[in-house]
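A.B. asks: Have a look; sequence and predicted model below, questions after that.
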Protein chains: 2
Amino acid sequence: MLALTRKTDYALIALVHMAQDPEGCCSAREIATRYRVPLPLLMNILKLLTRRGLAKSARGPRGGYTLAVPAGEISLYDVIGAVEGPVQLVQCVEYKPRQAPDDPLKVLGCDLVTVCPVHSPIQAIHGKLVEFLSGVTLADVVAPGGCCKSAGQLAQSPLGA
Amino acid sequence: MLALTRKTDYALIALVHMAQDPEGCCSAREIATRYRVPLPLLMNILKLLTRRGLAKSARGPRGGYTLAVPAGEISLYDVIGAVEGPVQLVQCVEYKPRQAPDDPLKVLGCDLVTVCPVHSPIQAIHGKLVEFLSGVTLADVVAPGGCCKSAGQLAQSPLGA
DNA sequence: CTAAATAGTACCGATGAAGTCCTATTTGTT
DNA sequence: AACAAATAGGACTTCATCGGTACTATTTAG
């Protein structure tokens, strides 16, 4: 369906929330209740983001999460890579010709590559897609301003819409 | 994982093949054997493409498929839409506030929309993605060279398989 | 008439998404 | 020191979809 997973949605929500309160330390619970995201799931996602170096964590009471780097340096591509794994427009993109040494005929990756007429052009398209996703940063997502009525603090954004 | 499904890969292969032989009528069997795509699966895909008006079909012996419109008018977005369904960057993109009338509390779509801080900026990003996918046409995929026909083109492949 | 093709649809197994739960470990507070 | 609040790291379950198969019906050239 070419959709982001819901986990990525949640990750974006959490990261944007952190970006809007750059100094504050947000706990998973705060974010989960505020945006009605299932808490245990959000916790898993925040763990992933932390492991990838997109967020910093602080344990203990009053602990929580903060952006590890400025919002402008976190791209959509980074977020997707952290929670969904690598972007792979087609099967062969990340193909590495690893073959079972005992059976050279069995190709473990995409065996279409040998006959596939679209492989190399699609590679180029894939590159452009990655470029596109890498160009969208958290700052872009935060900037456009008050999207939804709910959050009062969103009103701080200049020139709504 | 943000990947195209294999069905889309197969659809592209088939469509590119047709584009390279604009007049000829290619049967599903031809394409399947040539590119080692499972025949029954490819048949299903070609049915989808035909239903969506991307390909024309001719029944009976010597029948097969042809592009319904010039390659330059078939976009990657069209192909994805035909075989995978609508592109949906996030859950709320196609959100329609349809609610079960008997249970107003149960929202059938994405209920995050009411509190989601990223909804409208993501909408914009979604628009750009669609724009990108719509800008890539079959002609672009075919153009980079008569990649097919021989393994010669594939020699440049970084895969070295 | 027959064989070769598409049309439509139902079906199945495997994979991954979405979500839960449990057990550490860290750390501020009392 | 004890406790509670938070993260860390997993395993686990459920369910939808993907990838693929199969069957029947319909069209049509020879």
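C.D. replies: Thanks, I have it. Everything quoted here is computed from the prediction, not taken from an experiment.

A.B. asks: So what does the residue in chain A that DNA strand C sits nearest to look like in phi/psi?
C.D. replies: Here chain A gets closest to DNA strand C at one residue, residue A:60, 2.4 Å apart by Cβ to the nearest atom of the strand. In short, each C-beta sits where N, CA and C put it, glycine included. Residue A:60 adopts backbone torsions of phi 80, psi 170, taken as degrees, to the nearest 10.

A.B. asks: That one - how many residues pack around it?
C.D. replies: 6 (other Cβ atoms under 10 Å in any protein chain shown).

A.B. asks: For it, give its distance to residue A:27.
C.D. replies: According to Cβ to Cβ, to the nearest Å, residue A:60 and residue A:27 sit 11 Å apart.

A.B. asks: what sits against residue A:11?
C.D. replies: A:45, A:48-49, A:79, A:82-83 (Cβ atoms under 8 Å, 6 or more residues apart in numbering or on different chains).

A.B. asks: try it again with 7 Å
C.D. replies: Contact partners of residue A:11, counting by Cβ atoms under 7 Å, 6 or more residues apart in numbering or on different chains, are A:45, A:49, A:79, A:83.

A.B. asks: tell me the secondary structure for it?
C.D. replies: Following DSSP: H, G, I helix; E, B strand; the rest coil, we place residue A:11 in the helix state.

A.B. asks: Quick check: it vs chain B, distance?
C.D. replies: Distance from residue A:11 to chain B, counting by Cβ to the nearest Cβ, to the nearest Å: 10 Å.

A.B. asks: again, but for residue A:140
C.D. replies: 7 Å.

A.B. asks: Also residue A:53?
C.D. replies: For residue A:53, the distance to chain B - Cβ to the nearest Cβ - is 20 Å.

A.B. asks: so that residue touches residue A:68, yeah?
C.D. replies: Yes: contact status for residue A:53 versus residue A:68: in contact at 5.5 Å, counting by Cβ atoms under 7 Å.

A.B. asks: neighbour-wise, which of those two wins?
C.D. replies: More crowded of residue A:53 and residue A:68, by other Cβ under 10 Å: residue A:68, with 16 against 12.

A.B. asks: quick check, residue A:65 in a helix?
C.D. replies: No: counting by three-state DSSP, one finds residue A:65 to be strand, located in no helix.

A.B. asks: what are the bridge partners for it, then?
C.D. replies: For residue A:65, the beta-bridge partners are residue A:26, residue A:57 (DSSP bridges).

A.B. asks: show me where chain A has helices.
C.D. replies: In chain A, the helices defined using DSSP state H lie at A:6-20, A:28-35, A:39-51, A:76-84, A:119-135, A:138-142.

A.B. asks: Nearest to residue B:1 among those would be which one?
C.D. replies: The closest of those to residue B:1 is helix A:76-84. By Cβ to Cβ, the value is 5.4 Å.

A.B. asks: then that closest one to CSV, C-alphas only?
C.D. replies: Provided in CSV are the C-alpha atoms of helix A:76-84 (Å, rounded to 0.1, in the frame of the first residue of the first chain):
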residue,chain,number,x,y,z
LEU,A,76,12.1,11.5,7.8
TYR,A,77,14.4,9.0,6.3
ASP,A,78,16.2,8.7,9.7
VAL,A,79,12.9,8.1,11.5
ILE,A,80,11.7,5.5,9.0
GLY,A,81,15.0,3.8,9.2
ALA,A,82,14.9,3.7,13.0
VAL,A,83,11.4,2.2,13.4
GLU,A,84,10.7,0.4,10.1
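
A.B. asks: Residue A:128: neighbour count?
C.D. replies: 13.
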